[in-house]
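Sharing a model that was predicted from the sequence below.
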Amino acid sequence: MATIKERVDKLEKLMAELIKAQHRTELELERLSREMREFKDEVRNEMKEFKNEMRRDMKEFKEETNKRWGELANKLGTIVEDIIAPAVSPVVKHYFNCEINDLQVNRKKKDIKTGLKDEFDVIAVSDDCKTVFLVEVKSTPKIDYINEFKDKKIDRFLALFPEYREYKLIPIFASLRLEEDIINYLTKQKIYAMAYKEWEYMDILNFDKIDKNN
């Protein structure tokens, strides 16, 4: 029959083993908890990277689609109808806070008495703002086209449409893409430059510069 001392020794041994087991369990739980945190962080980072990649891919896809669509419209000669004209009203609303109530595309007019005639790519009228936005569109922008627009075409417009002489006239020169030197020249002439902004959407590219000088 075991003595009291043997029983105590055995109990102490069992207690020591139990403590060791408990300690191992705590360490194991801590390790599992750490691994779970690392796993969650890894998944979170991978999801974040996946979302960023999707955004980049969608942005690139959108830009490429707009670019191809613009090039196709340019080749087909429908840049005014398909690209520029649909963008005029929202762009005007955004920058000038004017609602367009009359939008005319490829408008031809001839004065029978004088023989004066011309064709205008986009005429956007806002009666509320008493403003007419005259948009000249060129697939290949050149300084000569800008000079023709500001020196002759605007005067021909006012002569052919006397009903707008009391309106404020805002000239806009538009294309699919405008080089920096063209934008700078338009700014000097106080003509708004409208084109794709990084092939994402049609926008006025020099609004702030002209607005500061007015």
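Yep, it's here.

show me where pLDDT drops low in the protein?
Within the chain, the stretches with pLDDT under 70 are 1-29, 32-33, 35-36, 39-43, 45-77, 199, 211-214.

What segments of it are strands?
Assigned by DSSP state E, the chain shows strands spanning 102-110, 117-126, 131-137, 168-174, 192-197, 201-204.

any chance of these in CSV, plus mean neighbour count and distance to E30?
For glycine as for every other residue, the C-beta is placed from the backbone atoms N, C-alpha and C. Shown next, in CSV, are the strands of the chain (neighbours: other C-beta atoms under 10 Å; distance: least, C-beta to C-beta, whole Å):
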stretch, mean neighbour count, distance to E30
strand 102-110, 14, 69
strand 117-126, 19, 69
strand 131-137, 23, 69
strand 168-174, 20, 65
strand 192-197, 22, 53
strand 201-204, 17, 53
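
Tell me where the protein has helices.
Taking DSSP state H as the test, the helices found in the chain are 4-76, 79, 85-96, 143-148, 154-160, 180-188, 207-213.

Break this protein down into its structural domains.
Per automatic domain parsing, the domain ranges recorded for the chain read 1-76, 77-213.

re earlier: reformat the strands of the chain as JSON lines; add distance to R44.
JSON lines is the format used below for those (distance: least, C-beta to C-beta, whole Å):
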{"stretch": "strand 102-110", "distance to R44": "49"}
{"stretch": "strand 117-126", "distance to R44": "48"}
{"stretch": "strand 131-137", "distance to R44": "48"}
{"stretch": "strand 168-174", "distance to R44": "45"}
{"stretch": "strand 192-197", "distance to R44": "33"}
{"stretch": "strand 201-204", "distance to R44": "32"}
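
Any idea which of these gets closest to Y95?
Smallest distance to Y95 across those (C-beta to C-beta): 5.7 Å, for strand 201-204.

partners of that closest one, with directions?
Under the criterion DSSP bridges, strand 201-204 sits next to strand 192-197 (antiparallel) in its sheet.

residues making contact with stretch 158-174?
84, 88, 96, 109-111, 114, 116-118, 121-123, 125, 129-138, 141, 145-146, 149-150, 154, 157, 186, 190-195, 202, 204 (C-beta atoms under 8 Å, 6 or more residues apart in numbering).

And stretch 186-198, by the same measure?
Outside stretch 186-198, the residues touching it (C-beta under 8 Å, 6+ apart) are 63, 66-67, 70, 84, 87, 91, 135, 146, 149-150, 170-178, 182-183, 202-207, 209-210, 213-214.

can I assume L205 is in contact with L178?
Yes. Using C-beta atoms under 8 Å, L205 is in contact with L178, at 6.5 Å.

Cheers, nothing more for now.
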